[in-house]
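S.K.: Kindly return the folded structure for what I paste below:
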Amino acid sequence: MTERTAIIGTVIGTALALSNLGAASVGAQAPTSPTSVRDLLKGHGIRPIQPPTPATDFELQDLAGGRGSLSDHYGNWVVLTFFATWCGPCRTELPTLERLHQQRGGSGVVVLGVSIDDPDAPVESFVRQLGLTFPILWDPTKQVGATYRASSIPVSYLVDPLGRLVGVSRGSRDWASLTPMLDAALAAVPATSGAPPPDVYADAGEAVATPTVSDPPTAEVRIDTETPEAGQPFHLDIELHWAGNFEEYLPHPPEILLPEGVVQESVTAESSSADGRNQLTYRATLRADEPGRYALDPVEVRYTPRFESEPVAGRVAGPTVTVVAPTIFGMAPVTVAAGAGGLVILGLAGLLLGRKLRASGKRTESPALGLYEDLHARFEESRKLRLAGDGAGTLLALADLDRSLRGDEEPDEAARKSLQEAVERARYGGEVPPAEELDKLQRDVARRLDELRPDTESQDRASIKLKDQ
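M.R.: Numbering: from 1, shown residues only. You can find the predicted model right below:
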């Protein structure tokens, strides 16, 4: 191979077909630039809804005792956001929506809030405290929230002037910084005036139709060395990239179809996020004990879209590596076939190697030990979070560690659902879990971690034997 990068993966899963944004109703003018809106949203980390779907109209009570509806704002771009007073990320996001309202309200852009708080919640004082002046409706029965799949908040939808859902954003973001994007959207689909034509909106109570995977992750596979030595580890990096919020997808460790003679020693993961783009890199440590050419193909990458139970799987082509014979001090090994001189050279090289090992006093670290130490360090970090009083952070750290320790083992359905709900309440609502829940999860993680503890005594004996030899 002449290139370090072995293969750039293709889009995982089935991408939805790109279709034009047609008119939503009789008499409505179709947008002149159908792809520009989709590209605008993707460029700012907002998931496009493609093709656009009719929004579901609703009518709710406002905080002044009157009534309001989505259709009141027909002809404008509407940022429809769902929030609650107990939601920490909502408290961060709502002031940015107020700034957007102050900057663009009345000029073709409307911010419309919907509170899904219970009837006895202090919504009015919450709104006054944050200084919110954009229209806010109250959904105490949570029926509208269910229609718009607001099971985790904040969640915001973009509704175009034709009454169609064109984008969805989950999680907190700075909406005031998106005014240039909305100005461009207004240029592509201008605001209109007048009452909405018949049948613009979906029937009341009908759940909005949003695609599960509209901008799926892409995968890229790289090998860290062209010609690894036999018996020495080498690395295969599998990178996932996607737009939007990091929580949009739950990635799973990749599956590599390994040929006979190649073994996988460990897998680690590292994530990063910037400018609305997310990256998760899995590093698989592999080893081949015999020289030869090995095709690491295919690589199966799986992820579960948020709010879905079944994972989506896709395969990308993997690289072929050429494993070479090991060398001694940069020289190819001399075999017995070289005769007596070869034996002398081998003996001398072995003597020098033995002296070097004894002089260094070091032993190679077991991959199992390295993995255990990494997991144990994460467990200690979770304990520090708990000692610092960060219950929500402790739960998130322990839940992530529990996933790593379980691997392919699946917990029973009730336990999985209970933990997932607790994680969502902690992540999106800042809710602190009860101490007994944290105690139980901490004990379970500690038990699994202890089962993974390597036998260091046998490793020490092996290293001593190696040094003696």
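
S.K.: Any stretches of the stretch 251-400 of the chain with poor pLDDT?
M.R.: By pLDDT under 70, the weakly predicted segments of the stretch 251-400 of the chain are 273-277, 306-309, 328-369, 389.

S.K.: hang on, isn't Val324 packed against Gln232?
M.R.: No. Between Val324 and Gln232 there is no contact under CB atoms under 8 Å: 9.8 Å. The way it works is simple: take the backbone N, C-alpha and C, and place the C-beta from them, glycine included.

S.K.: Could I have the CA atoms of stretch 183-196 written out in CSV?
M.R.: The C-alpha coordinates for stretch 183-196 follow below in CSV (Å, rounded to 0.1, in the frame of the first residue of the first chain):
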residue,chain,number,x,y,z
ASP,A,183,-32.6,35.9,6.8
ALA,A,184,-31.3,33.5,4.1
ALA,A,185,-34.3,31.2,4.7
LEU,A,186,-36.6,34.3,4.3
ALA,A,187,-35.0,35.1,1.0
ALA,A,188,-35.5,31.5,-0.2
VAL,A,189,-39.1,31.2,1.1
PRO,A,190,-40.5,34.8,1.7
ALA,A,191,-43.2,35.6,4.2
THR,A,192,-46.7,36.0,3.0
SER,A,193,-49.9,37.5,4.3
GLY,A,194,-53.5,36.4,4.6
ALA,A,195,-55.3,33.5,6.2
PRO,A,196,-54.0,29.9,5.6
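
S.K.: any idea how far it is from the chain center?
M.R.: 33 Å (CA atoms, centre = their mean, to the nearest Å).

S.K.: Can you give me the buried ones in it?
M.R.: Ala185, Leu186, Ala188, Val189, Pro196 (16 or more other CB atoms under 10 Å).

S.K.: The third one against Val37, yeah?
M.R.: Yes. At 5.3 Å, Ala188 counts as touching Val37 under the criterion of CB under 8 Å.

S.K.: Would you point out the most distant pair within the buried residues of stretch 183-196?
M.R.: Farthest pair in these (CB to CB) is Ala188 and Pro196. Separation: 19.8 Å.

S.K.: just for the stretch 101-250 of the chain, where's the confidence low?
M.R.: Short version for the stretch 101-250 of the chain, where the test is pLDDT under 70: 204-205, 209-216, 243-248.

S.K.: And the strands in it?
M.R.: Assigned by DSSP state E, counting those that start in this stretch, the strands in the stretch 101-250 of the chain fall at 109-115, 136-138, 155-159, 164-170, 218-223, 234-243, 249-256.

S.K.: out of the ones you listed, nearest to Ser404?
M.R.: strand 249-256 (9.0 Å).

S.K.: Paired strands for the helix or strand following the closest one, with orientation please.
M.R.: Note on strand 249-256: by DSSP states H and E, the next helix or strand toward the C-terminus is strand 262-274. Here strand 262-274 is paired, per DSSP bridges, with strand 277-288 (antiparallel).

S.K.: May I see the buried residues of the next helix-or-strand element following the partner strand?
M.R.: Sequence order places strand 292-295 as the next helix or strand after strand 277-288, per DSSP H and E. Neighbour-count burial for strand 292-295 flags Tyr294 (criterion: 16+ other CB under 10 Å).

S.K.: What is strand 292-295 packed up against?
M.R.: Here strand 292-295 touches strand 320-323, going by 3 or more CB pairs under 8 Å, 6 or more residues apart in numbering; DSSP states H and E.

S.K.: Distance from the chain centre to the strand it packs on, please.
M.R.: On CA atoms, centre = their mean, the centre of strand 320-323 falls 31 Å from that of its chain.

S.K.: Buried residues, that strand. List them.
M.R.: Neighbour-count burial for strand 320-323 [16+ other CB under 10 Å]: Val321, Val323.

S.K.: counting contacts, what elements does it pack onto?
M.R.: Using 3+ CB pairs under 8 Å, 6+ apart, strand 320-323 sits against strand 292-295.

S.K.: Paired strands for the strand it packs on, with orientation please.
M.R.: By DSSP bridges, strand 292-295 pairs with strand 320-323 (antiparallel).

S.K.: Name the surrounding residues that touch the strand it pairs with.
M.R.: 1, 6, 223, 225-230, 234, 288, 290-297 (CB atoms under 8 Å, 6 or more residues apart in numbering).

S.K.: 10 Å - rerun?
M.R.: 1, 6-7, 223, 225-232, 234, 236, 259, 261-262, 286-297 (CB atoms under 10 Å, 6 or more residues apart in numbering).

S.K.: go on, stretch 373-383?
M.R.: So stretch 373-383 is contacted by 266, 268, 365, 390, 393-401, 404-405, 438, 441-442, 445-446, 448-450, 452-454 (CB under 10 Å, 6+ apart).

S.K.: doesn't Ala187 make contact with Pro161?
M.R.: No. Between Pro161 and Ala187 there is no contact under CB atoms under 10 Å: 12.0 Å.

S.K.: any chance you could map the helices in the stretch 51-200 of the chain?
M.R.: 88-104, 123-130, 143-147, 179-188 (DSSP state H, counting those that start in this stretch).

S.K.: for the longest one, packing partners?
M.R.: Read that as helix 88-104. strand 77-83, strand 109-115, helix 123-130, strand 155-159, helix 179-188, helix 413-429 (3 or more CB pairs under 10 Å, 6 or more residues apart in numbering; DSSP states H and E).

S.K.: mind giving me a markdown table with the ones you listed and columns for distance to Pro140?
M.R.: Below are the helices and strands packed on helix 88-104 laid out as a markdown table (distance: least, CB to CB, whole Å):
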| stretch | distance to Pro140 |
| --- | --- |
| strand 77-83 | 13 |
| strand 109-115 | 8 |
| helix 123-130 | 9 |
| strand 155-159 | 18 |
| helix 179-188 | 30 |
| helix 413-429 | 17 |
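
S.K.: nearest to Glu206, of these?
M.R.: strand 155-159 (14.5 Å).

S.K.: Sheet partners, orientation included, of the closest one?
M.R.: strand 77-83 (antiparallel), strand 164-170 (antiparallel).

S.K.: Sort out which residues of it are buried, please.
M.R.: Under 16+ other CB under 10 Å, the buried positions of strand 155-159 are Val155, Ser156, Tyr157, Leu158, Val159.

S.K.: so the first one touches Phe82, yeah?
M.R.: Spelled out, that is Val155. Yes. Val155 lies in contact with Phe82 (CB under 10 Å); the separation is 5.2 Å.

S.K.: what do these two both touch?
M.R.: Cys90, Gly145, Tyr148, Arg149.

S.K.: Can you pick out the most distant pair from the residues you listed?
M.R.: Greatest spacing in those, by CB to CB: Cys90 and Arg149 (16.2 Å).
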